[in-house]
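Q: Below are the sequence and a predicted model; questions follow.
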Amino acid sequence: EKDFEEYLADMATDATWGDQLCLAALLRRRRVNALIHQHGDTPSYEMHWSDSVAECLGDKCIQLSRHDDDHYNSVRFKTDADEGL
């Protein structure tokens, strides 16, 4: 098992996939929420940028699909504007 410094070094390397810890850090940094869609019997879930859900209400929300344990893809409705964050 890696220590935290090794983990940070790995995350700083090109072509390294981020995990749920990285996703949580991104949400907090950008102050956005996320709706995570999953295939099969596993239900979808929400992640909020703050521990206070009330503080997050009305903030931007991104949608992601999660598969193969920790692989995320961006998901958009066909009607969404292509603005990004």
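A: That came through fine.

Q: what's the top helix by length along the chain packed up against?
A: Criterion DSSP state H: the longest helix present in the chain is helix 20-30. Applying 3 or more Cβ pairs under 8 Å, 6 or more residues apart in numbering; DSSP states H and E, one finds that helix 20-30 contacts strand 33-38, strand 45-47. The way it works is simple: take the backbone N, C-alpha and C, and place the C-beta from them, glycine included.

Q: Distance from the chain centre to the first one, please.
A: The chain centroid and the centroid of strand 33-38 are separated by 7 Å under Cα atoms, centre = their mean, to the nearest Å.

Q: low pLDDT regions in this structure?
A: Applying pLDDT under 70 to the chain picks out residues 1, 81-85.

Q: can you do 80?
A: Judged by pLDDT under 80, the chain has its weakly predicted residues at 1-2, 40-43, 51-59, 68-70, 77-85.

Q: Comparing the helices and strands packed on helix 20-30, which comes out most buried?
A: Comparing the helices and strands packed on helix 20-30 by mean neighbour count (mean count of other Cβ atoms under 10 Å), strand 33-38 ranks first with a mean of 17.

Q: Indicate each strand paired with that one and its parallel or antiparallel sense.
A: Within its sheet, strand 33-38 is paired with strand 45-47 (antiparallel), strand 61-67 (parallel), according to DSSP bridges.

Q: Could you work out which of the helices and strands packed on helix 20-30 reaches nearest to D3?
A: strand 45-47 (25.4 Å; Cβ to Cβ).

Q: Next, the contact list for the residue sitting nearest the centre point of the chain, please.
A: The residue lying closest to the centre of the chain (Cα atoms, centre = their mean) is L23, at 3.8 Å. Counting by Cβ atoms under 8 Å, 6 or more residues apart in numbering, L23 makes contact with A34, M47, L64, Y72.

Q: distance between stretch 41-61 and the chain's centre?
A: Taking the mean of its C-alpha atoms, stretch 41-61 sits 11 Å from the chain's own mean (Cα atoms, centre = their mean).
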